Each structure stands twice: as C-alpha cells, then as structure tokens.
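**Student:** my questions are about this predicted structure, shown below with the sequence.
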There are 2 protein chains.
Amino acid sequence: MIKEERQRLIIEKLNRDQKINLVELSQLLHVSYDSIRRDVIELEDKGLLKKVHGGAVANSYLSFKTTQGFGIDNQEVLHLTRKAQKLFENHQTILMDGGTTNFHIAEQFPKNLELTVITNSLPLAIVLNEHPKIETILLGGTYHKRYQITLGNQAMRQLEHLRVDLYLMGFNGLDPNVGVTLRNYEESVLKQKMAKSAKKVAICAITEKIHTIETYKVCDLHEIDFLVTSLKPSDPSLNDFRNKGIEII
Amino acid sequence: MIKEERQRLIIEKLNRDQKINLVELSQLLHVSYDSIRRDVIELEDKGLLKKVHGGAVANSYLSFKTTQGFGIDNQEVLHLTRKAQKLFENHQTILMDGGTTNFHIAEQFPKNLELTVITNSLPLAIVLNEHPKIETILLGGTYHKRYQITLGNQAMRQLEHLRVDLYLMGFNGLDPNVGVTLRNYEESVLKQKMAKSAKKVAICAITEKIHTIETYKVCDLHEIDFLVTSLKPSDPSLNDFRNKGIEII
DNA sequence: AAATATCTTGCAAAAAAATGCAAAAAAAAG
DNA sequence: CTTTTTTTTGCATTTTTTTGCAAGATATTT
C-alpha cells in the first residue's frame, strides 16, 4: 500500500469518526505505529488535520464538533463562542477578521440570524454559505496562503468606505498595560484600520491569551468595548479590564 | 503492446481506482517496472497524474477538500485546460474569474510557473494554495454563495486600479454574431469591466458552448484575442472567429 | 509519585527511484 | 529490401525514500 493511499484512508476515517487513534489505525492498516505517526505529521503539515496526544482530530476549519472528546481546552472555546452569540442582533453589520475563534463563532450563528458580515477570511466566508440569512462581503487584497486571509493596501482602501456596527477582533495577546498584541505585522496594521471603521470593538479571549504579550501592538484597551471570556464577569483577574470601561461578557 | 495503449490503460485504471502501484501495474501489463515508471513520468509531464513514491495518484487526490464538486469528468475539459497552459508565461499578471474551466486551468498550472493571479473566485484562490510561486490577489465585494465569487461595486472599483496582461474570461455562450453571453446579469457587468482592465482577453470554450446564446451579453467578439478550443485551429466551424482576428489555440 | 501510555530520536534494513548502458524493436532513409 | 537512425526496453548499479525497531524522554492517568 502506498503512502498516499494510507493517508487518504486516514483522512476518510477522520471525517467519519471525528477523531482517530494512532495505535488503532496502525492495526487497521497493518503498518507500524511509526508509519502512521509520520503520516499524521505530514497531514498536519498540509493542514488537513490536527495532531493531538494519542491521535488526531479534524482541522478546526472543517468541523467544530470534531474537536470534542479530546481533553484539550476546546471545552472553553465552545463555551466562549456560545457566549459570544450575545453580541449579535438582527440587521447589524459585523466586521470579522481571520482566526479560529471567529471561525467558530460564525459557525455557531443561529440559522435565523440576519446579519451582514464583512470579512477578510476565506474560511469564514465559506462557512457562512450554510447561513442563508447572512449576507457576506469579502475584503479584497493580497491573499495570504497560510492564514487564508486577504491583506494589504487594497483591503485597507476598501475599509475606508465602510462603517460597521461591531468589529469582532481576533488577536494573539491581551494585557491590561500593553493592550492588544499580535504576532504578524501586516495583520496588525489592517486590524488597526478595522477598529477605526467600527462603532464598537469586541474581543473574545480564551484564558490562555489573557496577560500574554506578543510582538506587534494593535491597539490600547480603551479602544475595546466588549471582552468575551469564559471567566465570570466578577472574577478579580478581570478588574484591570473592567476599570478601563470594557464590558465583560 | 505499444506505449500509448499502456499509458491509456494506466490512466483508465487511475480513474477507476484513484491510485496505482507501479509494481502491480508492471505485472498486470507484462512489462518491466522501468517501462511503467517511464510511462508514469511522461504522464506526469503531461499533467495527467501525480507521481508519488511507489505509484501515482490522481491529480486532486489529497486536495479533495478544495476541489469538491470540481472533479474533471470530461475528457474534453481535460484536453482544453491542458491546451490553455500555452497562454501563460512567467512573471505575467493574469485576471481569472469564476467557473469550473478556470478552476481546472489553475489546478493544472505547472508548479514552477511564476504568476500573479487576480481573481474574484474563492475556490480559485484556495486551489492556488498549492502553487507556491503564484501570488494571488482577491477582489473584494459582495460574496455570492452559490458561485463562490465576489461581485458588485466594490469589486468594480478595485478593478479600476488594475491593469493586467491577460484576462481569462469564463462564459456561458459564444456565438459569431452575438458575441459572448452569460446567464447572470451581475456577473456580466463585472466581466465587461474585467475585459477593459486587460491588455488581452482569452476564452476557453468546450464545443458545447460554441454557437450557444445566453441572456446577457458580455462583449463582442472583437474584444476577444484568444480562443482555446479542442477543435483543430483549421476546423471550418471556427472560420467566423478567425475572421474577426481571434487567434485560435 | 508510580505506572502506563505515547512520543521522539537515531539507526539499519528494505523498498523503490534514478541513472547509465546496451540490446531489441520500430521507424526512416536509401 | 536492406541499412541507418531513432526510440523503446530491460538490466545492473547507485542513491534516495520509506519503514520498523529499540531506547530514552515526555506526557497522562491512577
């Protein structure tokens, strides 16, 4: 059996079962554990799945449900994205950028929610295919293959003509003193512009990202209006944010 | 058994099984392993399959995620999209809109081709992920969920800033008297603008579309520079097109 | 904290690929 | 019809890729 065939079978099983176990697979396909392990690493490099301890789960872009049942912190993401739904009301115009959190939020939109969503993320646009009442507008620009988003001047220029009700900002780091930070420079510039195009700005933070600082600063905390977190709004570690006028959700 | 017959059988088996094994094939066809291996190399050069260690797989074997519903089922389309490759040279900027034909052409780009591709089609952008030397620029605008393209004023405006070497135009109908026609009005308007942004315009027509007329007119024949067809350039049914100065490929 | 399961790393054997070469077959030329 | 040229084929050798194993490291569970 050739490697590619094996890898295809792995992906197929993954799509069926939502998760796979390496030991089980090696028995099923009659090859060593190591071969399967190496296949899974290759498939992860291609972005077709996500490797976890003991097995692999579907890449988050494909399906949300797939990540359940494995003990990573997806429970928190699920909780967070459910909570985030409170931000939206019918007939609003929402700006959403790339990132897995925004992807999951969009995926969980109620089917009867009527929104206009403006985004620079291709996976986001594609997942909104499933939501007939949502109108999607895509920002044009240079396409970033890994992040699957558009960037650059053309996206910036297009933003100048827009004024949205809410911007749901993806980010890497959040710190009470430094503000919102990011790992990628080009993206950070675009996000600054996005924030200025919006009446309100919301961020959705898993606990891991709070009190983390990354290289490029996007904005100060006073530009943020809502913070969605899985912590209780009264949690003392959120004092710094509440004091700056951010509404905790 | 002559080489051509063998290669035909290889392709047939590949279409059946999606994958082939070289050793197995050499036994099946009663020729040496080396002959099969050389056949497969030739077929890969022609872009008809992808060679992998131990065998070969169909071109879209593991990228099926992006090619869903786009599989080439038609020998003529395959022939046509291969022929269309002649249109491209390194370092050109190409404008390509949506549609399956353009998708297949992009899919078959040689991996070492250096292009800038501007498109309003999301599947096209995604398939170009696999081509590291191609820079992709996406046109923004209202996202059409069924066609998976962007449309509207924002796309139009973005085009005003662009001037490309070649526009590869998708279409529904082509007629010597009426010109190029389309089924969708909004798209037809955008295509008109696209044609004006390009130095040259090419269309790629399966025989079925020739002498067909649809509802909305895109442009006259004199705006078209190249016509890619599976017919021989000398075919008399193409006289009308050649007479209008269109180069038949 | 111990026990169990999984992961990583380096290595050697096996499988397959690439390369160069010469014989055979086919095509072209005389 | 024969000779020359070209193409195709199979084989032997070298190189690369893949594979499975074992030992030590890391993570997870009890």
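**Tutor:** Yep, that arrived.
**Student:** from the middle of its chain, how far away would the biggest strand by length in chain A be?
**Tutor:** Scanning chain A for the longest strand, with DSSP state E as the assignment, gives strand A:198-205. In this view, strand A:198-205 has its centroid 14 Å away from the chain centroid, taken as Cα atoms, centre = their mean, to the nearest Å.
**Student:** can you pull out the low-pLDDT segments for chain A?
**Tutor:** Scanning chain A for pLDDT under 70 picks out A:59-75.
**Student:** now do 80
**Tutor:** Within chain A, the stretches with pLDDT under 80 are A:15-16, A:18, A:46-47, A:58-78, A:146, A:208.
**Student:** up against DNA strand D, what does it have?
**Tutor:** Counting by Cβ under 7 Å from any atom of the strand, chain A comes close to DNA strand D at A:2-3, A:6, A:31-32, A:34-35, A:38-39, A:53, A:71. Any C-beta I mention is one placed from the backbone N, CA and C, and that applies to glycine too.
**Student:** go with 10 Å
**Tutor:** A:1-7, A:26, A:29-39, A:42, A:52-54, A:70-72 (Cβ under 10 Å from any atom of the strand).
**Student:** now what about the longest strand of chain A, what contacts it?
**Tutor:** Strand A:198-205 is touched from outside by A:80-81, A:84, A:87, A:95, A:101-102, A:105, A:163-171, A:174, A:180, A:195, A:219, A:223-229, with contacts defined as Cβ atoms under 8 Å, 6 or more residues apart in numbering or on different chains.
**Student:** give me the buried subset of the residues you listed.
**Tutor:** Buried members of the contacts of strand A:198-205, counted by 16 or more other Cβ atoms under 10 Å in any protein chain shown: A:80-81, A:84, A:87, A:95, A:101-102, A:105, A:164-171, A:174, A:180, A:195, A:219, A:223-229.
**Student:** next, count neighbours for residue A:58.
**Tutor:** 21 (other Cβ atoms under 10 Å in any protein chain shown).
**Student:** scratch that, residue A:120
**Tutor:** Neighbours around residue A:120, by other Cβ under 10 Å: 31.
**Student:** ok, it touching residue A:97?
**Tutor:** Yes. Counting by Cβ atoms under 8 Å, residue A:97 is a contact partner of residue A:120 at 5.8 Å.
**Student:** list the residues that contact both of these two?
**Tutor:** A:149, A:190.
**Student:** need the residues of chain A near DNA strand C, please.
**Tutor:** By the rule Cβ under 10 Å from any atom of the strand, the part of chain A lying against DNA strand C is A:1-3, A:21-24, A:26, A:32-34, A:36-38, A:40-41, A:51-56.
**Student:** gap between the residue most central in space within chain A and chain B?
**Tutor:** Centrality entry for chain A: nearest residue to the mean C-alpha point is residue A:100, 1.6 Å, by Cα atoms, centre = their mean. Here the criterion is Cβ to the nearest Cβ, to the nearest Å. By it, residue A:100 lies 17 Å from chain B.
**Student:** list only buried entries from the residues of chain A next to DNA strand D.
**Tutor:** The neighbour-count test (16+ other Cβ under 10 Å) applied to the residues of chain A next to DNA strand D identifies A:2-7, A:26, A:29, A:31, A:35-37, A:39, A:52, A:70 as buried.
**Student:** show me which of those residues neighbour chain B.
**Tutor:** Subset of these in contact with chain B: A:2-5, A:7, counting by Cβ under 8 Å from any Cβ of the partner chain.
**Student:** max-length helix in chain A?
**Tutor:** When chain A is scanned for its longest helix (criterion: DSSP state H), the result is helix A:3-17.
**Student:** quick one: contacts of that helix?
**Tutor:** The contact list for helix A:3-17, computed with Cβ under 8 Å, 6+ apart, reads A:20, A:25, A:29, A:31, A:35-36, A:39-40, A:42-43, A:48-49, A:56-58, A:62, A:66, B:18-19, B:52-55, B:57, B:61-62.
**Student:** got the angle for it vs helix B:3-17?
**Tutor:** On the basis of axes from the mean of the first three to the mean of the last three Cα atoms, to 10 degrees, helix A:3-17 is oriented at 20 degrees to helix B:3-17.
**Student:** I'd like the next helix or strand past helix A:3-17.
**Tutor:** Remark: after helix A:3-17, the chain's next helix or strand is strand A:19-21, criterion DSSP states H and E.
**Student:** tell me which entries of the contacts of strand A:198-205 lie within helices.
**Tutor:** Secondary structure from DSSP H places A:80-81, A:84, A:101-102, A:105, A:195 of those in helices.
**Student:** got the contact list for residue A:55?
**Tutor:** Taking Cβ under 8 Å, 6+ apart, we find residue A:55 in contact with A:19-22, A:70.
**Student:** quick check: nearest residue in space to it, chain neighbours excluded?
**Tutor:** Leaving aside its chain neighbours, residue A:55 sits nearest to residue A:21 (4.4 Å; criterion: Cβ to Cβ, 6 or more residues apart in numbering or on different chains).
**Student:** closest point of chain A to DNA strand C, which residue?
**Tutor:** Across chain A, no residue is closer to DNA strand C than residue A:54, which sits at 4.0 Å (Cβ to the nearest atom of the strand).
**Student:** so that residue sits against residue A:20, correct?
**Tutor:** No. Contact criterion Cβ under 8 Å: residue A:54 and residue A:20 do not qualify, at 9.4 Å.
**Student:** starting at the chain centroid, how far to stretch A:215-233?
**Tutor:** Taking Cα atoms, centre = their mean, one finds stretch A:215-233 lying 16 Å from the centre of the chain it belongs to.
**Student:** quick one: end-to-end length of that stretch, please.
**Tutor:** Length of stretch A:215-233, first residue to last, Cα to Cα, to the nearest Å: 28 Å.
**Student:** and residue A:38, that one's in a helix?
**Tutor:** Yes. Assigned with DSSP: H, G, I helix; E, B strand; the rest coil, residue A:38 falls within a helix.
**Student:** quick check: bridge partners of the nearest residue to residue A:101 once chain neighbours are set aside?
**Tutor:** Once flanking residues are discounted, residue A:101 sits nearest to residue A:204: 5.3 Å by Cβ to Cβ, 6+ apart. When bridges are called by DSSP bridges, residue A:204 pairs up with residue A:228.
**Student:** name all residues that make contact with the closest residue to chain B within chain A.
**Tutor:** Distance from chain B to each residue of chain A (Cβ to the nearest Cβ) is smallest for residue A:140, at 2.9 Å. The contact partners of residue A:140, by Cβ under 8 Å, 6+ apart, come to A:150, A:154-155, A:158, B:137-141, B:150, B:154-155, B:158.
**Student:** one more: residue A:25?
**Tutor:** Residues in contact with residue A:25 (Cβ under 8 Å, 6+ apart) are A:10, A:13, A:36.
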